[in-house]
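Enquirer: have a look; sequence and predicted model below, questions after that.
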Amino acid sequence: ALAGGGPRMSGRLDYGYRLLATGLNFVVFGCGALVFRLLILPLLLALPGDPLRRRQRARRANARLFRFFVAFMVLTRVMNLRIQGRERLGRPGQLIIANHPSLIDVVVLIGLVPDANCVVKQGLWQNPYLKRQIQAAGYISNNGSAEMLDEAADALRDGQTLIIFPEGTRTTPGEPPRFHRGAAAIALRGARCITPVIIRVVPSTLTKATPWYRIPSRRFDFQLDVGADIDPSTFAGRPLPLASRELNDQLHQLYLKETGNHD
């Protein structure tokens with residue numbers, strides 16, 4: 001009986017610890033974002049410099065905050081982290097396209113690419129913790145308008161690195177990713193190169209419509225792999241709607257294969 005109870009008790013203790021640690025991580029993130037908004041960001045914006053310099057400061061500060069949070073998640077043994085190919089991220093005019101299986105995908109990617117622009121969902125512009133950071137960094141609202149597509153393409157032509165999640169929201173567990181064609185249209189209008197990033201979270205956690213306290217049975221593995229570049233010039237000569245459809249289909253098939261999902 002003692003031998004049988006040992007592993008079960010150990011499993012319960014581990015689960016209980018990770019539940020508390022997960023809650024602590026959310027508290028740390030919220031408090032850190034609030035301190036950043038009220039104290040650090042105003043100081044950064046008050047320093048001398050033109051709008052471009054202030055935007056760069058805000059983006060790099062956001063990245064540091066996010067890197068700290070990711071490191072804290074690893075330190076508290078909530079997750080394991082593995083990143084492959086990060087040295088190929090952050091090039092001028094690079095469009096980084098990623099799938100979106102969990103809540104922290106944006107946090108990890110922005111932490112890896114400090115000067116990057118990012119297309120963020122409209123709801124975050126109303127988030128009291130993150131709204132000012134998003135505005136100061138000059139991120140782009142994913143409101144679905146034609147102006148958003150123009151702004152994103154202009155950022156790429158200006159030499160910025162741009163991060164986008166073509167699904168627009170987190171992947172529903174058990175379903176394949178569904179890419180909106182807007183990312184492909186942006187890529188063909190302004191990107192120098194397109195770099196797919198494949199994110200895998202095992203076991204699945206922090207998914208869409210899942211509360212934070214519904215944690216997996218073990219510490220989850222967050223794996224980020226930088227894929228081979230796609231040259232947008234290979235789609236030149238075709239009408240933009242057709243080229244966008246072809247590129248979107250190519251990306252969709254790539255992610256279906258890499259994530260093990262199928263239509």
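Expert: Arrived safely, thanks for sending.
Enquirer: surely D221 is in a helix?
Expert: No - read with DSSP: H, G, I helix; E, B strand; the rest coil, D221 is strand and lies in no helix.
Enquirer: in the stretch 151-263 of the chain, which ranges drop under the pLDDT threshold?
Expert: 261-263 (pLDDT under 70).
Enquirer: change it to 80
Expert: Judged against pLDDT under 80, the low-scoring parts of the stretch 151-263 of the chain cover residues 174, 209, 260-263.
Enquirer: just the strands in it please.
Expert: For the stretch 151-263 of the chain, the strands defined by DSSP state E, counting those that start in this stretch cover 162-164, 193-202, 220-226.
Enquirer: partners of the first one in the sheet?
Expert: Put plainly, it is strand 162-164. strand 94-98 (parallel), strand 117-121 (parallel) (DSSP bridges).
Enquirer: give me whichever of the strands of the stretch 151-263 of the chain is most buried.
Expert: The highest average neighbour count among these, using mean count of other Cβ atoms under 10 Å, belongs to strand 162-164 at a mean of 24. Where C-beta positions appear, they are placed from N, C-alpha and C, glycine not excepted.
Enquirer: was I right about P216 contacting L206?
Expert: No - using Cβ atoms under 8 Å, P216 makes no contact with L206, being 9.5 Å away.
Enquirer: more neighbours, the two?
Expert: A direct count of neighbours by other Cβ atoms under 10 Å for P216 and L206 places L206 higher, at 21 against 16.
Enquirer: list the contacts of the more buried one.
Expert: By Cβ atoms under 8 Å, 6 or more residues apart in numbering, L206 lies in contact with S102, L103, I104, W212.
Enquirer: repeat for T76
Expert: Applying Cβ under 8 Å, 6+ apart, the residues near T76 are A21, L24, N25.
Enquirer: what's the per-residue pLDDT of it here?
Expert: Per-residue confidence at T76 stands at 97 (pLDDT).
Enquirer: that one and Y17, how far apart?
Expert: 9 Å (Cβ to Cβ, to the nearest Å).
Enquirer: just to revisit the earlier point, now, which of the contacts of T76 sits nearest L13?
Expert: A21 (12.2 Å; Cβ to Cβ).
Enquirer: where exactly do the helices run in the stretch 151-263 of the chain?
Expert: 182-190, 240-259 (DSSP state H, counting those that start in this stretch).
Enquirer: what angle sits between the shortest one and strand 117-121?
Expert: Looking back up the chat, that one is helix 182-190. 150 degrees (axes from the mean of the first three to the mean of the last three Cα atoms, to 10 degrees).
Enquirer: including distance to D154, could the strands of the stretch 151-263 of the chain go into a markdown table?
Expert: Listed next are these as a markdown table, based on distance: least, Cβ to Cβ, whole Å:
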| stretch | distance to D154 |
| --- | --- |
| strand 162-164 | 10 |
| strand 193-202 | 17 |
| strand 220-226 | 25 |
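Enquirer: select the longest helix from this structure.
Expert: Longest helix in the chain, counting residues (DSSP state H): helix 2-35.
Enquirer: what's the helix or strand just after it in contact with?
Expert: Sequence order places helix 41-46 as the next helix or strand after helix 2-35, per DSSP states H and E. Residues outside helix 41-46 that contact it (Cβ under 8 Å, 6+ apart) are R54, R57, A58, A61, R132, Q133, A136.
Enquirer: not counting residues beside it along the chain, what's closest to Q94?
Expert: T161 (4.8 Å; Cβ to Cβ, 6 or more residues apart in numbering).
Enquirer: do A152 as well
Expert: I186 (4.5 Å).
Enquirer: relative to P48, how far out is the one you found?
Expert: The separation that I186 has from P48, given Cβ to Cβ, amounts to 33 Å.
Enquirer: how about L41?
Expert: 16 Å.
Enquirer: which one of these two has more residues nearby?
Expert: L41 (21 against 6).
Enquirer: residue contacts, the residue nearest the centre of the chain?
Expert: Of all residues in the chain, the one closest to the mean position by Cα atoms, centre = their mean is V106, 2.0 Å from it. Counting by Cβ under 8 Å, 6+ apart, V106 touches C118, V120, I163, F165.
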